[in-house]
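Colleague: Got a sequence here, can you build the structure:
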Amino acid sequence: MLTIHLHSLIFHSFHGMFKEEKVLGNDFEVNMDVSFESQEKITRLKQSVDYVSLHALIKEVMDKPTPMLETVVQELAERVKLFDEKIKAVSVSIKKLNPPIGNFQGTVGVSYSTKF
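Modeller: Next up, the predicted model:
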């Protein structure tokens, strides 16, 4: 199985439950791994999974304000499944880089993995 990695993608989005998050937004880091089977040596893009198009798909989902990050990772996985029939598994994680927690250092996030 081959895996395409899209890691450390940074988006400024408006996901969150709190009013301030919906107005000010937050920075998010997205990591995605997409796996597919290949019985042949990959020499052309159509034999692989186009990571440029995957990035555009991720950006589209991240641009849509959603209250729960859990919903966002599940939506990303569903969209990836429909994106290319070669894809057999996806793992996606999102970190909120500046969570609205007083005196907090670190990140919070969610991840979701599934096989098709």
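Colleague: Not counting sequence-adjacent ones, nearest residue to Pro67?
Modeller: Met17 (5.2 Å; CB to CB, 6 or more residues apart in numbering). For the C-beta atoms, the positions are set from N, CA and C on the backbone; glycine is no exception.
Colleague: Report whether the expected contact of that neighbour with Met68 is present.
Modeller: Yes: using CB atoms under 8 Å, Met17 is in contact with Met68, at 7.4 Å.
Colleague: on that earlier part again, tally of neighbours for the residue nearest to Pro67?
Modeller: Other residues near Met17 come to 10 when the count uses other CB atoms under 10 Å.
Colleague: Contacts for the helix or strand bottoming out on mean pLDDT in the chain, please.
Modeller: None of the helices or strands of the chain scores lower by mean pLDDT, DSSP states H and E than helix 19-24, at a mean of 90. Contacts with helix 19-24, where a contact means CB atoms under 8 Å, 6 or more residues apart in numbering, come from 14-16, 65, 100.
Colleague: other SSEs contacting the very next helix or strand once past that helix?
Modeller: Next along the chain after helix 19-24, taking DSSP states H and E as the criterion, comes strand 26-36. Where contact means 3 or more CB pairs under 8 Å, 6 or more residues apart in numbering; DSSP states H and E, strand 26-36 is packed against strand 2-13, helix 51-62, helix 69-83, strand 87-96.
Colleague: Give the residue spans of this protein that score low on pLDDT.
Modeller: The chain contains no residues with pLDDT under 70.
Colleague: Spatially nearest residue to Lys81 (excluding sequence neighbours)?
Modeller: Nearest one to Lys81, counting by CB to CB, 6+ apart, is Phe116 at 5.4 Å.
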